[in-house]
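Visitor: what follows is a predicted protein model with its sequence.
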Amino acid sequence: MLNYLWGLMIVIGIIVGIFNGTMANVGNAAINSSKEAVTLCVSMLGVMAMWTGMMQVAKKCGITSSLTKALRPVIRRLFPDIPEEHVVNEYIASNIIANILGLGWAATPMGLMAMRELRKLNGNSHIASCDMCTLLIVNISSLQLIPVNIIAYRSQYGSANPAEILAAGILATCISTLAGVIFAVTARKLGRRSS
């Protein structure tokens, strides 16, 4: 769907450029933007490599397993239908931890593995279970203590203090996560009442 949307916007931009006589500007913008995209990708690669390496160090030191144990009460409350010792608990915990550390690219594979296991627990149904919806909501709302991507973008674009947005980012993601959790818990309770 997004491919069609982006393609449509490009076509509209070209058509408007032709009718306005600014096709040269459209071409220059396309070239400059592609150069900027490559530069941004290279700088983001360094940041991602550093934080992914930090995540591996944390894993080897046992920090992630300690955090997983600390998250078990939260996971039990958010996902009460999951068996206590099921492997999906580890995937969910790893997903949440990676998101908290701002490692969305590291959280995605864990989220996908968790969804695969949750689907098995749901009898491979094509209708999402409450646990699947809750994971999606928690993942999207994404509490972040370190918004790595935003800091990298700000650094790339010459911000004097790229980490200045830490407090605002923490506040915003706390609010979004709280709203998401309240919605998920309320929806689960309403769903059980109507059953």
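Guide: Looks like it arrived, so ask away.
Visitor: do a quick rundown of the helices in this protein.
Guide: 2-20, 23-61, 63-78, 88-100, 104-121, 130-141, 148-156, 166-194 (DSSP state H).
Visitor: residues contacting the fifth one, please?
Guide: Residues from elsewhere that reach helix 104-121, judged by CB atoms under 8 Å, 6 or more residues apart in numbering: 48, 51-52, 55, 81-83, 86-88, 91-92, 94-96, 98-99, 125, 129, 131-132, 135-136, 139, 142, 149. For glycine as for every other residue, the C-beta is placed from the backbone atoms N, C-alpha and C.
Visitor: how does it look with 6 Å?
Guide: Contact with helix 104-121 is made by 52, 55, 88, 91-92, 94-95, 98-99, 131-132, 135, 139, as judged by CB atoms under 6 Å, 6 or more residues apart in numbering.
Visitor: what of the fourth one?
Guide: Where contact means CB under 6 Å, 6+ apart, the residues beyond helix 88-100 that reach it are 64, 67-68, 71, 75, 82, 106-107, 110-111, 113-114, 117-118, 142-143, 145.
Visitor: any of the residues you listed buried? List them.
Guide: Buried by 16 or more other CB atoms under 10 Å: 64, 67-68, 71, 75, 82, 106-107, 110-111, 113-114, 117-118, 142-143, out of these.
Visitor: what's the closest of the residues you listed to Gly17?
Guide: Gly17 lies nearest to Ser142 out of the buried ones among the contacts of helix 88-100, by CB to CB, at 36.9 Å.
Visitor: for the closest one, give me the pLDDT.
Guide: pLDDT, Ser142: 80.
Visitor: and Val138, how many neighbours?
Guide: Val138: 23 surrounding residues under other CB atoms under 10 Å.
Visitor: ok, the closest residue in space to Ser43 that isn't next to it in sequence to Thr173 distance?
Guide: Among residues not flanking Ser43 along the chain, Gln156 sits closest, at 4.9 Å (CB to CB, 6 or more residues apart in numbering). Distance of Gln156 to Thr173, computed by CB to CB, to the nearest Å: 21 Å.
Visitor: again, but for Gly13
Guide: For Gly13, the distance to Thr173 equals 33 Å [CB to CB].
Visitor: also Gly180?
Guide: For Gly180, the distance to Thr173 - CB to CB - is 10 Å.
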